[in-house]
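**Student:** Prediction below, plus the sequence it came from.
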Amino acid sequence: MNNTPFNLENQDTNSKIVVALQRISEAFKVLLWDKAKQLGLSPIQIQIVLFVDNHNDDLCNVSHLASEFNVTKPTISDAIKVLNHKGFIEKGYSTTDSRSYTVQLTDAGKRIVKETEEFANPIQTALSSIDPLAQDHLFKALSTVIYTLNRTGILSVQRMCFGCKYYSKPDDNHFCNLLNKPLLDTEIRLDCPEFENKV
């Protein structure tokens, strides 16, 4: 028998989870495209303004954005050019390298963020109908999957606790050495501003 998750006769739980994640991914893309069409932007342009709004300047450059969204540098450069032309972002050039710059939001860009940041609310609403304990278990499982995909090189960027130099797991419990406190499964961050790669 064909063991791929897309074989309708394959009913093992792992395969059904893969198909479920694919459908949620499709829902995310549909919601993002709908919002992009409403505003005359592309999905990657929306993702860039949302990312820039929520991250430090050192992560808001062409190289990092290309890695973050798994696209080429020219794709990011083109998207930034359009956003700059529309007045949503501005470039902050490096004092040591005139070719290097970070991306910052303008006031118009901050208004666009307000119009776009809720595009995934239907997915959040669907999740809120799940029992809180089930949500905790789902988050724990997805965190592990994300970290595993990162460790195998499929996801190139991650700033989650498991890969951070401040994270440890004494006595099989999560611990943040920066905050100097234990963490619950639900306190594990997928994108932490204090993240530093383990050496």
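**Tutor:** Nice, I can see it.
**Student:** Contacts for the lowest-mean-pLDDT helix or strand in the chain, please.
**Tutor:** Here the helix or strand of the chain ranked lowest by mean pLDDT, DSSP states H and E is strand 89-93, holding a mean of 90. Applying CB atoms under 8 Å, 6 or more residues apart in numbering, the contact partners of strand 89-93 are 48-49, 52, 57, 80, 83-84, 100-106, 109. (C-beta placed from N, C-alpha, C; glycine too.)
**Student:** Just the pLDDT for residue 5.
**Tutor:** The model reports residue 5 with a pLDDT of 81.
**Student:** That one: neighbour count?
**Tutor:** Number of residues near residue 5 (other CB atoms under 10 Å) recorded here: 16.
**Student:** Hmm, residue 14 and it touching each other?
**Tutor:** Yes. The criterion here is CB atoms under 8 Å, and residue 5 meets it with residue 14 at 7.4 Å.
**Student:** rewinding a little: the least confident helix or strand of the chain pairs with which strands, and in what direction?
**Tutor:** If you go by DSSP bridges, strand 89-93 pairs up with strand 101-105 (antiparallel).
**Student:** Just the buried positions in the strand it pairs with, please.
**Tutor:** By neighbour count on 16 or more other CB atoms under 10 Å, the buried set for strand 101-105 is 101, 102, 103, 105.
**Student:** from the middle of its chain, how far away would the longest helix along the chain be?
**Tutor:** Ranked by residue count and defined by DSSP state H, the top helix of the chain is helix 13-39. When C-alpha coordinates are averaged (CA atoms, centre = their mean, to the nearest Å), helix 13-39 and its chain have centres 14 Å apart.
**Student:** and the helix or strand that comes right after that helix, what's its mean pLDDT?
**Tutor:** As assigned by DSSP states H and E, the chain's next helix or strand after helix 13-39 is helix 43-54. For helix 43-54, mean pLDDT is 96.
**Student:** And helix 43-54, what does it pack against?
**Tutor:** On a contact count with 3 or more CB pairs under 8 Å, 6 or more residues apart in numbering; DSSP states H and E, helix 43-54 meets helix 13-39, helix 62-69, helix 73-85, strand 89-93, strand 101-105, helix 107-116.
**Student:** what does it rub up against?
**Tutor:** Applying CB under 8 Å, 6+ apart, the external contacts of helix 43-54 come out as 29, 32-33, 35-36, 39, 59-60, 65, 68-69, 71, 75-76, 79-80, 82-83, 88-89, 103-105, 109-110, 112-113, 116-117, 119.
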